[in-house]
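S.K.: can't give you the sequence, but here's the structure:
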């Protein structure tokens, strides 16, 4: 092999041993497997096996009427449930030119930002648990309950709020005056506590010594592996789809870009993004226009294959599908941000201590339930394999 | 005193000391959890739950064979650990000080070393389901490095245990030497009588208090810092819990202990928590763990809570440190220990 | 009450098994339930990651194809007496993944319900169930542990 293509020959590293973790492991929030190739304590190479929780979700959509499909779309992921529902309706709204009332669009943004907060605070909790600092993790989970509550007030469920529907939002999720007041007061309360929390983290020498300078991901690497979202922005890649989304046009916010590209930058980037999210949420509640919240004047008919991109909490998310003449879904495709961030994670943890590598992987905030496909390149053409096929062809090992 | 009555008293005092210390030490993890929970703004478990009731519950569980390379050796190591820690505890009971070198620093250091080596045994034996042997088709998907030796996380933990033995246990040894330098003897009895001259002449109901405890001298106070952090290292608690870091090696070598063996492991860990604390009170304050002078005995038990509570606070406020940080910290602590020793010579 | 029953009632070790699904329930268990708001530990339930230490196995999620063997293996690792608590709609009936299918008809990738694989003692439905309900479910598994020989 090496003699055929001497140019591409990589430097051979002697590997002392392999450590494998998962899928049931305290450091992993989801089922996946990490294989670390280790010399002494230093990681020489990393391999993630992510197809563990395969549900065949894209196949389920095939042939479903669009409104029933939204129920599944929301259950693609339990951390970012709202964003999948949001983006699934954006596809058909783009494809069939369905008008969305301004009030509905505002409330969608509000729920999107609330879930961004829960996701980022979950990230803090998880990152500090992986770091071994239980108190900070617990504090983060306590702060997170504010937004779980708000989610339950608006949508009726702590996790699966089901707010966006085609043409607007569910009427039950409309904001009433008392609810607006509650949101503003809870936000003020949260901001005080959260500012203290972030300052306390930044002043902790032991935590900072674990985070600083570990898990470096350069800007070029981030762009090469398409590490979107806060992971890429912490490496200096100024890329945020929210600037181009029409839903976000009325709001004023800053995109946080840091240049260090280490674990500390990835934590700080998310910490600062939370302040921007608070700003957006306040603007939504204060400038909320009056009017209807849902536009029911649409008929699902034939729709071409349409794509919608959205900036989620971890990066860029793509949903795309077409409708046949009966209004049934064809060719549903989902590309979640973690698929591209995975490569960056594998890259970033090389050269670190084993314990640090776990922190690096956690600091890229993996969300793996959504990306479960195996891709095989055969003679230059790629095709997607299911797990059963992989094991049928390559064997099962106990 | 003739030999037979001495032997009887020796056995009686050891049995009383070990039984009471074991029961008492099972309360300590509950206190630790409670302190941590309060720091984390939680209510936390009832005080008896993490220690006492857990141990009793584990003894009532089904006995299962651990998955290990040599299961019998693996099972023995935890019982060996309990015995070693129980003997360590006896260093603070005065009857043992008369037995050969049992009353000297050499015995303490030797037993501590055995306690550390046990973790290497456990780690290299245990083969838990949670790492390499999990039935996952991960090899089926190929790899960049084919044919690499696949190691269980416990074996990795054993390698870390060796590193911790090499560097991590130095601070506590240096700190242990300080009271002996101050007392100008290698015998514990001399150290105690230096601090608490009234102890050996007091009646059984008396409460002889130390007249000049080493803790409140400059070298004694300096030596407390390496002692406390060395205590953390020996117990493998955060921030020095690298050999059983939850996030990569989960619990290290003790992963496969179930039912009675896990109860034994809990006893071993909690008894070590108490034994080292009790030795600290004996050596640095001069109040031994003597079952035949009840008030001194109770005072020792009361003061022995201080170190575990400090430990709980430290654990709540620190992340796990990697070897990048542990090496400099251990070297710094050893330097403080050496400084304390130099100062101790001048007293 | 005998010492055996008291000890089993007073110290319960729970272990979580993520078996695929959307991980909404997993996060409700591992994060919300352990957080200071709900604090599982005050009800004498301690969280562990080691099957050798556990009494209660909390299973959440559809049983994905690759997680079938690990689930059976981990269940067999837990020493008796043990209880299994199924959290969420997924282990109970497969939720939308099994019941809301389009053209493919039957989803062969998932192995819910959990009853077919290991005996289940308590079922907590919901998508996801509230943390209070999960807590109640875990506590409902206790009598089985206490009454076991």
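M.R.: It's in. This is a predicted model, so every value here is computed, not measured. Numbering: from 1, shown residues only, chains lettered A, B, ... in the order given.

S.K.: ok, then the element right after the lengthiest helix in chain A?
M.R.: Across chain A, the helix with the greatest residue count (assigned by DSSP state H) is helix A:102-131. Moving toward the C-terminus from helix A:102-131, the next helix or strand (DSSP states H and E) is helix A:134-155.

S.K.: Check the burial of residue 71 by counting its neighbours.
M.R.: I went with chain A, as the question did not name one. 16 (other CB atoms under 10 Å in any protein chain shown). Glycine gets a C-beta too; all of them are placed from N, C-alpha and C.

S.K.: wait, chain B
M.R.: The number of residues near residue B:71, taken as other CB under 10 Å, comes to 14.

S.K.: Which secondary structure elements does the longest helix of chain A sit against?
M.R.: helix A:81-95, helix A:134-155, strand A:168-169, helix A:205-211, helix A:263-286, helix A:354-363 (3 or more CB pairs under 8 Å, 6 or more residues apart in numbering or on different chains; DSSP states H and E).

S.K.: Now do the shortest one: everything it contacts.
M.R.: I take that to be strand A:168-169. The set of residues external to strand A:168-169 that reach it, using CB atoms under 8 Å, 6 or more residues apart in numbering or on different chains, is A:100, A:101, A:104, A:107, A:108, A:163, A:292, A:293, A:294, A:295.

S.K.: And what about the residue lying farthest from the centre of chain C, helix, strand or coil?
M.R.: Distance from the C-alpha centroid of chain C peaks at residue C:103, with 31.5 Å (CA atoms, centre = their mean). Recorded secondary structure, residue C:103: coil (DSSP: H, G, I helix; E, B strand; the rest coil).

S.K.: if I pick it, what's in contact with it?
M.R.: A:62, A:63.

S.K.: what about it, distance to residue A:324?
M.R.: 11 Å (CB to CB, to the nearest Å).

S.K.: go on, residue A:237?
M.R.: 39 Å.

S.K.: now swap in residue B:181 and tell me
M.R.: In terms of CB to CB, residue B:181 sits 88 Å off from residue A:324.

S.K.: neighbour count winner among those two?
M.R.: residue B:181 (22 against 14).

S.K.: The more buried one belongs to a helix, doesn't it?
M.R.: Yes. Residue B:181: assigned to a helix according to three-state DSSP.

S.K.: That one contacts residue B:343, correct?
M.R.: No. With contact defined as CB atoms under 8 Å, residue B:181 does not reach residue B:343; the gap is 9.2 Å.

S.K.: Give me the buried subset of the contacts of strand A:168-169.
M.R.: A:100, A:101, A:104, A:107, A:108, A:163, A:293, A:294 (16 or more other CB atoms under 10 Å in any protein chain shown).

S.K.: Pick out the most distant pair among these.
M.R.: A:101 and A:163 (13.8 Å; CB to CB).

S.K.: What strand or helix carries whichever residue of the stretch 151-300 of chain A sits closest to chain C?
M.R.: Residue of the stretch 151-300 of chain A nearest chain C, by CB to the nearest CB: residue A:159 (4.3 Å). In this assignment (DSSP H and E), residue A:159 forms part of neither any helix nor any strand.

S.K.: ditto for residue A:304
M.R.: Going by DSSP H and E, residue A:304 is part of strand A:303-311.

S.K.: Pick out the residue closest to the middle of chain C.
M.R.: residue C:58 (1.8 Å).

S.K.: Look up the closest residue to the residue in the stretch 101-250 of chain B that chain C sits nearest to, ignoring the ones flanking it.
M.R.: When scored by CB to the nearest CB, the stretch 101-250 of chain B has residue B:135 as its residue closest to chain C, at 3.9 Å. In space, and not counting its chain neighbours, residue B:135 is closest to residue C:69: 3.9 Å by CB to CB, 6 or more residues apart in numbering or on different chains.

S.K.: average pLDDT for the strand or helix carrying that neighbour?
M.R.: Assessed by DSSP H and E, residue C:69 sits inside helix C:68-77. Helix C:68-77 shows a mean pLDDT of 91 in the predicted model.

S.K.: do the helix or strand following that helix and chain A meet at all?
M.R.: Per DSSP H and E, the first helix or strand lying C-terminal to helix C:68-77 is strand C:83-87. No. Strand C:83-87 lies out of reach of chain A by CB under 8 Å from any CB of the partner chain, never closer than 12.0 Å.

S.K.: What helices and strands are in contact with strand C:83-87?
M.R.: Short answer (3+ CB pairs under 8 Å, 6+ apart): strand C:83-87 packs on strand C:56-60, strand C:122-124, helix C:131-140, helix C:142-147.

S.K.: partner strands of that strand, parallel or antiparallel?
M.R.: Strand C:83-87 sits in its sheet next to strand C:56-60 (parallel), strand C:122-124 (parallel), going by DSSP bridges.

S.K.: could you dump those strands to a markdown table with distance to residue A:317?
M.R.: Putting the strands paired with strand C:83-87 into a markdown table (distance: least, CB to CB, whole Å) gives the following:
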| stretch | distance to residue A:317 |
| --- | --- |
| strand C:56-60 | 24 |
| strand C:122-124 | 30 |
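
S.K.: Could you give the number of residues near the residue in chain A that chain C sits nearest to?
M.R.: Chain C sits closest to residue A:78 of chain A, with a gap of 2.5 Å, by CB to the nearest CB. Applying other CB under 10 Å, we find 25 residues neighbouring residue A:78.

S.K.: And the pLDDT for it?
M.R.: 84.

S.K.: Provide the backbone phi and psi angles at it.
M.R.: phi -90, psi -20 (degrees, to the nearest 10).

S.K.: Isn't it up against residue C:25?
M.R.: Yes. The criterion here is CB under 8 Å, and residue A:78 meets it with residue C:25 at 7.0 Å.

S.K.: Now do the shared contacts for these two.
M.R.: residue C:128.

S.K.: In chain C, which strand is the longest?
M.R.: strand C:12-18 (DSSP state E).

S.K.: and that strand with strand C:83-87, angle?
M.R.: The directions of strand C:12-18 and strand C:83-87 differ by 50 degrees, with axes from the mean of the first three to the mean of the last three CA atoms, to 10 degrees as the criterion.

S.K.: Strand C:12-18 vs chain A: in contact?
M.R.: Yes. Residues of strand C:12-18 contacting chain A under CB under 8 Å from any CB: C:17, C:18.

S.K.: Return the mean pLDDT over that strand, rounded to an integer.
M.R.: According to the model, strand C:12-18 has a mean pLDDT of 91.

S.K.: same deal with stretch A:185-197?
M.R.: On average, stretch A:185-197 scores 95.

S.K.: repeat for stretch C:26-35
M.R.: 87.

S.K.: and it, does that touch chain A?
M.R.: Yes. Under the criterion of CB under 8 Å from any CB, chain A is reached by stretch C:26-35 at C:26, C:27, C:28, C:30, C:31, C:32, C:34, C:35.

S.K.: List the buried residues of stretch B:184-191.
M.R.: Buried-residue list, stretch B:184-191, by 16+ other CB under 10 Å: B:185, B:186, B:187, B:188, B:189, B:190, B:191.

S.K.: can you list the residues of chain B near chain C?
M.R.: B:33, B:37, B:40-46, B:48-50, B:53-54, B:56-57, B:60-64, B:66, B:128-130, B:134-137, B:246, B:250-251, B:255-259, B:262.

S.K.: In strands, which of these appear?
M.R.: Counting by DSSP E, those contribute nothing to strands.

S.K.: so which of the residues of stretch C:26-35 next to chain A comes closest to chain A?
M.R.: residue C:35 (3.4 Å).

S.K.: what about the closest one, distance to chain B?
M.R.: 8 Å (CB to the nearest CB, to the nearest Å).

S.K.: Now do the same contact list for residue 75.
M.R.: Since you didn't name a chain, this refers to chain A. A:81, A:160, C:22, C:24, C:95, C:96, C:97, C:127.

S.K.: ah, I was thinking of chain C
M.R.: C:51, C:57, C:82, C:84, C:118.

S.K.: same thing but at 7 Å, please
M.R.: Counting by CB atoms under 7 Å, 6 or more residues apart in numbering or on different chains, residue C:75 makes contact with C:57, C:118.
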